[in-house]
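> here's a sequence, model it:
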Amino acid sequence: QATKGTCPLCGGTVVAKKSKKGRNFFGCEKYPDCNFMTWNTPIEEKCPKCESSLFKKGGRTGMILCEKPECGYERKL
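Predicted coordinates for the structure are as follows:
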């Protein structure tokens, strides 16, 4: 299932998937050519530093972050 996020590695669409244990995760539609994967949920908002899609980190942390390796942008919710 496609999301509104784009892959921070190759620019493909981020899709929702399920692990073997039934846990939700997100990965690039271009797998296996691109191996991007995250447990964090993509959001519509773009990164103010690099224009890549931002992701919401689950749990108690309440963080919004950019998953592009060279960027490092993050903020509290």
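> run through the strands of the protein in chain order.
Applying DSSP state E to the chain gives strands spanning 2-6, 13-18, 24-28, 37-38, 41-46, 53-57, 63-66, 74-76.
> next up, phi/psi of the residue lying farthest from the centre of the chain, please.
What lies farthest from the middle of the chain is Lys21; by C-alpha atoms, centre = their mean that is 20.1 Å. Backbone torsions of Lys21, given as degrees, to the nearest 10, read phi -90, psi 10.
> separation between it and Tyr31?
18 Å (C-beta to C-beta, to the nearest Å). (Each C-beta comes from the backbone N, C-alpha and C, glycine too.)
> same thing with Thr41?
18 Å.
> neighbour count for the two, which is higher?
A count of neighbours by other C-beta atoms under 10 Å puts Thr41 above the other of Thr41 and Tyr31, at 17 against 14.
> I'd assumed Phe26 was in contact with the more buried one.
Yes - here Thr41 lies in contact with Phe26, judged by C-beta atoms under 8 Å, at a distance of 6.9 Å.
> what do these two both touch?
When C-beta atoms under 8 Å, 6 or more residues apart in numbering defines a contact, the residues bordering Thr41 and Phe26 alike are Phe55.
> follow-up on the earlier one: quick check: which of the strands of the chain is buried the most?
strand 53-57 (a mean of 21; mean count of other C-beta atoms under 10 Å).
> low-confidence stretches in the chain?
Regions of the chain meeting the criterion pLDDT under 70 are absent.
> one more time with 80
By pLDDT under 80, the low-scoring segments of the chain are 58-61.
> who are the contact partners of Asn24?
Going by C-beta under 8 Å, 6+ apart, Asn24 touches 16-18.
> also Cys47?
Applying C-beta under 8 Å, 6+ apart, the residues near Cys47 are 53-54, 66, 68, 71, 73.
> quick check, nearest of those to Glu45?
Leu54 (4.9 Å; C-beta to C-beta).
> just give the nearest non-adjacent residue to Val15, would you?
Glu29 (5.0 Å; C-beta to C-beta, 6 or more residues apart in numbering).
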